[in-house]
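S.K.: Everything below, folded, please.
(one chain, ligands or ions: 1)
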Amino acid sequence: MKKIQIHFGLSILIPFICSGLSLLSVLTGFHSASKTAAHTQWLGLPFLFFPASAMTLIGGIIGFLMARFFLAPVETFMEATRPLVPETSPPNGHEDEMQRYRRVFREVGSALSRMEARTLFPDIVGESQSIREALEALRKVAPTDTTVLITGESGTGKEKMAEALHKRSRRSAGPLIRINCVSIPDGLLESELFGHEKGSFTGADRMRKGKFELAHGGTLFLDEIGDMPMALQGKLLRVLQEKTIQRVGGDKDITVDVRIVAATHQNLEKAVTEGRFREDLFYRLHVFRLMLPPLRERREDIPFFCRDFTRTTGVAVSGEAMAQLVAGSWPGNVRELLNVLEGAAVFSEGGKILTQHLSAAGLMAAGESGRNEAVLAEAAVRFQEKSFQLDAFLKEMEKRILMEALKESNGVQARAAEKLGINPRSMWHRVKKYALQKDDPKT
Ligand SMILES: Nc1ncnc2c1ncn2[C@@H]1O[C@H](COP(=O)(O)OP(=O)(O)OP(=O)(O)O)[C@@H](O)[C@H]1O
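M.R.: Next comes the predicted model:
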């Protein structure tokens, strides 16, 4: 920067020096003329000034051009790139700058990979932080052959994730074979997994391939792995290590090329400590873990499920019904939500789902314990609406809470007041303010 300033200064100084020198020559000429020549020589003085003014002018033009077309752009460029290339590098300043750039690059990078994950898995609904993280993890692990363990309560989408994983893997052209370890009787599970030779047990009248062989070149989804009998866990571990199987009643090793994705709603760590699950198998499966939280912990996804439901069925969900869905407790998670929507759509006769259709479809009101959580969740959803008005929202909530307390107290205001921790007089005022007597005949 200093260099540029010196250049810029010189471009102004040069014309001044030129004009100074010319003025000096004029004055010298003037001096000699006044000493030696006649008065007529004074007439020649304007001609002496002429070269001086010309030189000043030319110097000025050169200086102006240098500043305008050469130095100024360079200076502007230096100014623009100054933060990238610090002139001086004070230890802390430099470090901060680098940290800032690293952070920006990191943020841009992670935003891009999140966007990529979203576009890679269009079937997975949800925009909550946990779903975004799950999709990002899926994006990373899908193209590898790593064993994946998916955990989460029933209905949280474990199988859905396994399908998405297979679709995005190198094995997508191969089969995705599912087996539910809990729904098959213990005695049959081994033959289901590894197949059997003809005559190996009563009823085995022909050779049958097991799920491992059927999944060759693809993915085997072992659902409810936590419920696999201990004896079979050992055999499964051997297969995972050696990548070969033996059919029941057979002695030939058959090589299988299978990627394992296992799922469970159980707490496997606990099962290991309680001796119900083999520790070595747990570590063999636990290479990459995907944890799906229950729907009640990601209520912000519910409007997205409703939107997806409307997109696929054409049945809209009213704002009030949506609020009620968001407030639900959903022990059956996404499966239950989708069932309620489907049932409500039947009651709505293909129109718009209203709150009465939800109750008809069996949606229970949020229980005592979930109420606060539900109110907060509803606030969070409504807050996203453009027309959100805090005062109106708070009034609506107050009215709903008062009604609820009155209902629970059989319309006895003093009891309702006690429940709500307000004095009876304040209750009376509020009941009057919202004209609750009119709405609730019990009061
Ligand atoms: N994120 C999601 N996006 C779209 N659909 C989902 C999502 N999560 C779950 N579902 C749907 O919810 C239903 C239940 O999901 P899924 O069967 O995958 O759950 P699960 O955790 O495997 O249940 P279970 O443990 O009982 O086998 C399915 O119809 C599935 O398509």
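S.K.: what's the burial count for G210?
M.R.: 23 (other Cβ atoms under 10 Å). C-betas here are computed from N, CA, C, even on glycine.
S.K.: what's near enough to touch it?
M.R.: S191, E192, L193, F194, G195, H196, I245, R247 (Cβ atoms under 8 Å, 6 or more residues apart in numbering).
S.K.: Tell me, how many residues neighbour the closest residue to it other than its chain neighbours?
M.R.: Distance criterion Cβ to Cβ, 6 or more residues apart in numbering; nearest residue to G210, sequence neighbours excluded, is G195 at 3.3 Å. Neighbour count of G195, defined by other Cβ under 10 Å: 23.
S.K.: Quick check, G195 in contact with K209.
M.R.: Yes. Counting by Cβ atoms under 8 Å, G195 touches K209, with 4.5 Å between them.
S.K.: Which pLDDT value goes with the residue nearest to G210?
M.R.: Reported pLDDT at G195 in the predicted model: 94.
S.K.: What values do phi and psi take at it?
M.R.: As for G195, its main-chain torsions (degrees, to the nearest 10) stand at phi 80, psi 180.
S.K.: re the thing from before, between the contacts of G210, which sits nearest M291?
M.R.: L193 (25.5 Å; Cβ to Cβ).
S.K.: So that closest one versus the ligand, what's the distance?
M.R.: 18 Å (Cβ to the nearest ligand atom, to the nearest Å).
S.K.: Tell me the helix or strand right after the helix or strand harbouring K160.
M.R.: Using DSSP states H and E, K160 sits within helix 158-167. Moving toward the C-terminus from helix 158-167, the next helix or strand (DSSP H and E) is strand 176-180.
S.K.: Next one: that next one, is it in contact with the ligand?
M.R.: No. Contact of strand 176-180 with the ligand (Cβ under 6 Å from any ligand atom) is absent, the minimum separation being 7.4 Å.
S.K.: buried ones in that strand?
M.R.: Buried residues in strand 176-180, defined by neighbour count with 16 or more other Cβ atoms under 10 Å: L176, I177, R178, I179, N180.
S.K.: Stretch 245-252 now?
M.R.: I245, Q246, R247, V248, G250.
S.K.: Would you mind measuring from the closest residue to the ligand within the stretch 1-150 of the chain to G350?
M.R.: Nearest residue of the stretch 1-150 of the chain to the ligand (Cβ to the nearest ligand atom) works out as V125 at 3.6 Å. V125 is 22 Å from G350, where distance means Cβ to Cβ, to the nearest Å.
S.K.: Neighbour count: these two, which is higher?
M.R.: For V125 versus G350, the count of surrounding residues by other Cβ under 10 Å is larger for V125: 20 against 9.
S.K.: Just give me the neighbour total for the residue lying closest to that one once chain neighbours are set aside.
M.R.: Computed as Cβ to Cβ, 6+ apart, the closest residue to V125 that is not its neighbour in sequence is D308, at 4.8 Å. Neighbours of D308 under the rule other Cβ under 10 Å: 15.
S.K.: Surely D308 is in a helix?
M.R.: Yes. Membership of D308 in a helix is supported by DSSP: H, G, I helix; E, B strand; the rest coil.
S.K.: Please give me every residue in contact with V141.
M.R.: V141 touches V148, L165, F288, L290, counting by Cβ under 8 Å, 6+ apart.
S.K.: 10 Å - rerun?
M.R.: Shown in contact with V141 (Cβ atoms under 10 Å, 6 or more residues apart in numbering): T147, V148, L165, R168, S169, V261, V287, F288, R289, L290.
S.K.: Make sure the fourth one is actually in contact with R139.
M.R.: Yes. Because the distance of 7.5 Å satisfies Cβ atoms under 10 Å, R168 is recorded as touching R139.
S.K.: Comparing those two, which residue is more hemmed in?
M.R.: Ranked by neighbour count (other Cβ under 10 Å), R168 and R139 place R139 first, with 20 against 17.
S.K.: what comes up buried for the helix or strand containing that one?
M.R.: Using DSSP H and E, R139 falls within helix 129-141. In terms of neighbour count (16+ other Cβ under 10 Å), helix 129-141 has its buried residues at S130, I131, A134, L135, E136, A137, L138, R139, V141.
S.K.: now the angle between helix 129-141 and the helix or strand following that helix, please.
M.R.: For helix 129-141, the succeeding helix or strand toward the C-terminus, using DSSP H and E, is strand 148-152. Taking axes from the mean of the first three to the mean of the last three Cα atoms, to 10 degrees, one finds strand 148-152 and helix 129-141 inclined to each other by 170 degrees.
S.K.: Show the secondary-structure elements that strand 148-152 is packed against.
M.R.: helix 129-141, helix 158-167, strand 219-223, strand 259-264, helix 268-273, helix 279-285, strand 288-292 (3 or more Cβ pairs under 10 Å, 6 or more residues apart in numbering; DSSP states H and E).
S.K.: closest to the ligand out of these?
M.R.: Closest among those, once you apply Cβ to the nearest ligand atom, is helix 158-167, at 3.5 Å.
S.K.: could you dump that closest one to CSV, C-alpha only?
M.R.: Provided in CSV are the C-alpha atoms of helix 158-167 (Å, rounded to 0.1, in the frame of the first residue of the first chain):
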residue,chain,number,x,y,z
LYS,A,158,-35.5,-48.2,10.3
GLU,A,159,-36.6,-50.4,7.3
LYS,A,160,-37.2,-47.3,5.2
MET,A,161,-33.6,-46.2,5.9
ALA,A,162,-32.3,-49.6,5.1
GLU,A,163,-34.1,-49.5,1.7
ALA,A,164,-32.7,-46.0,1.0
LEU,A,165,-29.2,-47.2,1.9
HIS,A,166,-29.4,-50.2,-0.5
LYS,A,167,-30.8,-48.0,-3.3
